[in-house]
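Asks: What would the 3D arrangement of this be:
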Amino acid sequence: MPVVLEVCVDSAEGLRAAIAGGAGRIELCASLTVGGLTPSPGLMALAASVPVPVYAMIRPRAGDFVYGHDDEAVMMGDIDAVGEAGLAGVVVGANREDSRLELDLLKRLVTRAQAHALGVTLHRAFDLVPDPVEALEQAIGLQVERVLTSGLQPSALDGLYLLQELVARAGDRVSIMPGSGIKPSNVERVLRQTGASEVHSSCRAPIAGTDARAIAFGFQPAQSYDTSSDIVRDMCRVIGGIDGRA
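Replies: Model (predicted):
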């Protein structure tokens, strides 16, 4: 089957750029500078009209993935909002204080998503676990569709050997989706070495701030990043070449 490129975006402009470039799926977020937070209801509503599946990040705050009762209440409400918006799925994750997956909370989140007929991706909370093999079996038990992971390293290139092992262990029980630091220049290496059938990337390019007053007041950073349709196209071209030679 063709490899799926999932592109994470955090703005209306990024969403349009990803679609124009040929993304096969969207991870919809706010604040990608901190790894992605739950997107606004307005952005969810806009994303519901695009022609590819959209999965919304469910992460109520920046920081770790150890959540309390109030955090859980927010996440449950946000899953309901995703269902009401008509998106395809959600992206969730939670850790215990010892960094293992917080299975009880994850089961409740998955059950809430399933009540809305939403698909579920387990996010990079997985990359903090002490035992990836144990966590993989737990993820399979949760019946998530895929695990987004960099192989327990800051970037997927650093975690290639573990990613390859996880793909082999998972088989057809769950999809392992490499992510973090993946770009057109290295996506072929990642896919060929791991054997993954989908890959995750922000496909972002640096953007210089142009409003000096907004920068001075702290309303705009001097440099930011936004999704580039050209980078998405380049990723799709490389991936298409791999599919064609497979």
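Asks: Okay, now the unreliable bits of this protein?
Replies: Where the chain drops to pLDDT under 70, the residues are 206-209, 214-215, 218-224, 243-246.
Asks: and the residue of it most remote from its centre, which of the three is it?
Replies: The centre of the chain is farthest from one residue, R213, which by CA atoms, centre = their mean lies 33.6 Å away. The three-state assignment at R213 reads helix, by DSSP: H, G, I helix; E, B strand; the rest coil.
Asks: Now do the contacts for it.
Replies: Contacts for R213 (CB atoms under 8 Å, 6 or more residues apart in numbering) come out as none. No exception for glycine: its C-beta is placed from N, CA and C like everyone else's.
Asks: Tell me how far the residue minimising distance to the centre of the chain lies from P53.
Replies: The centre of the chain sits closest to E27, judged by CA atoms, centre = their mean, with a distance of 5.2 Å. Here E27 is placed at a distance of 10 Å from P53 (CB to CB, to the nearest Å).
Asks: and what of M76?
Replies: From M76 over to P53 the distance is 22 Å, taken as CB to CB.
Asks: ditto for G119
Replies: 8 Å.
Asks: tell me, what's touching those two both at once?
Replies: Residues touching both G119 and P53 (CB under 8 Å, 6+ apart): 88-89.
Asks: Restricting to C-alpha, output stretch 32-51 in PDB.
Replies: Taking Å, rounded to 0.1, in the frame of the first residue of the first chain, the C-alpha atoms of stretch 32-51 are listed here in PDB:
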ATOM      1  CA  LEU A  32       3.500  23.400  17.500                       C
ATOM      2  CA  THR A  33       6.400  25.400  19.100                       C
ATOM      3  CA  VAL A  34       5.700  23.400  22.300                       C
ATOM      4  CA  GLY A  35       4.900  20.100  20.500                       C
ATOM      5  CA  GLY A  36       1.300  20.800  19.700                       C
ATOM      6  CA  LEU A  37      -1.800  21.500  21.900                       C
ATOM      7  CA  THR A  38      -5.500  21.100  21.300                       C
ATOM      8  CA  PRO A  39      -6.700  23.200  18.400                       C
ATOM      9  CA  SER A  40      -9.500  25.800  18.700                       C
ATOM     10  CA  PRO A  41     -13.100  24.800  17.800                       C
ATOM     11  CA  GLY A  42     -13.000  27.300  14.900                       C
ATOM     12  CA  LEU A  43      -9.900  25.600  13.400                       C
ATOM     13  CA  MET A  44     -11.600  22.200  13.900                       C
ATOM     14  CA  ALA A  45     -14.600  23.400  12.000                       C
ATOM     15  CA  LEU A  46     -12.500  24.700   9.200                       C
ATOM     16  CA  ALA A  47     -10.600  21.500   9.000                       C
ATOM     17  CA  ALA A  48     -13.800  19.400   8.700                       C
ATOM     18  CA  SER A  49     -14.100  20.600   5.100                       C
ATOM     19  CA  VAL A  50     -10.800  19.400   3.800                       C
ATOM     20  CA  PRO A  51     -10.600  16.300   1.600                       C
END
